[in-house]
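**Q** show me how the following folds:
(one chain, ligands or ions: 2)
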Amino acid sequence: RILDPQDGPLRGKRVVITAGPTREPIDPVRYISNHSSGKMGYALAAAARDAGADVVLVSGPVSIPVPAGVELRSVVTADDMLRESMAAVDDGSDVFIATAAVADYRPETCAGDKIKKTREALSLDLVKNPDTLATVAARPDAPFTVGFAAETNDVARYALDKMVRKKLDMIVANDVSTPGMGFNSDNNAVTVFWPDGREHIGPDTKQNIATRLVALISHHLETDS
Ligand code: CTP
Ligand code: CA
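**A** Ligands and ions are numbered 1, 2, ... in the order given. Got it, this is the predicted structure:
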């Protein structure tokens, strides 16, 4: 653990991290969302801060405290997440880490009034949301870009496919089929992939995994530049 951030490997670096779920409105009182707690992203924000970075956390609604010294930009929908993330990267960023569980789809329209329980069945038309991580990675000035992949099966294959397809520098895969790991838990076990290597981390606390991930990212930043 680095005690003085002034001596940390990310001193002078700007790190943007997405975290938490998004909420996609159905009507004025309802939304589609998921169980993301934000814990992994918030743990990474603290670890990057401890490594000396200036950290911006673009976060959906969560119920955990923002780490001291980290700048919070609150968002609700996937559209907000894209806009705020691009704005944060516009301000200059060296590393972009996407831990957010962005809703893949949103209702095509949000009803103006509360939907009444008058029908026996109800269908919602959903449309695909923009992909924040892929959009940031496609920028000509893309920072070092790290994605997360929560999978229940064929973890390595799906994660590597995402890294290539979204043009990422690194992807962190977690097997969410293991009870007590990943979503909503304080613990996690991950495999990190980069174009010519991999490393398994955990099972361990999300904070310890975050510290190791930040060390790995710092090392790759040094060797890439
Ligand atoms: N991600 C994102 N914006 C989205 C969807 C995903 O930024 N609209 C990011 C996540 O934060 C994560 C990575 O992309 O870092 C992979 O997310 P994941 O849900 O595993 O992959 P998808 O591309 O959405 O594919 P699928 O859900 O079908 O597996
Ligand atoms: Ca998804």
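
**Q** please tell me how far Lys116 sits from Ala78.
**A** Relative to Ala78, Lys116 is positioned 27 Å away (Cβ to Cβ, to the nearest Å). (C-beta placed from N, C-alpha, C; glycine too.)

**Q** scratch that, Arg49
**A** For Arg49, the distance to Ala78 equals 26 Å [Cβ to Cβ].

**Q** show me what the lengthiest helix in the chain is packed up against.
**A** Selection of the longest helix in the chain by residue count, based on DSSP state H, yields helix 206-224. The elements that helix 206-224 packs onto, with contact taken as 3 or more Cβ pairs under 8 Å, 6 or more residues apart in numbering; DSSP states H and E, are helix 39-50, strand 95-98, strand 144-151, strand 170-175, strand 187-194, strand 197-205.

**Q** can you list phi and psi of the most centrally placed residue in the chain for me?
**A** Taking Cα atoms, centre = their mean as the criterion, Thr99 is the residue nearest the geometric centre of the chain, at 1.5 Å. Taking degrees, to the nearest 10, you get phi -110, psi -10 for the backbone angles of Thr99.

**Q** got the contact list for it?
**A** Neighbouring residues of Thr99 by Cβ atoms under 8 Å, 6 or more residues apart in numbering: Ile17, Thr18, Ala19, Gly38, Met40, Gly41, Leu44, Phe148.

**Q** of those, which ones also sit close to ligand 1?
**A** With Cβ under 6 Å from any ligand atom as the criterion, the subset of the contacts of Thr99 in contact with ligand 1 comprises Thr18, Phe148.

**Q** between the contacts of Thr99, which sits nearest Asp90?
**A** For these, the minimum distance to Asp90 (Cβ to Cβ) is 15.1 Å, reached by Thr18.
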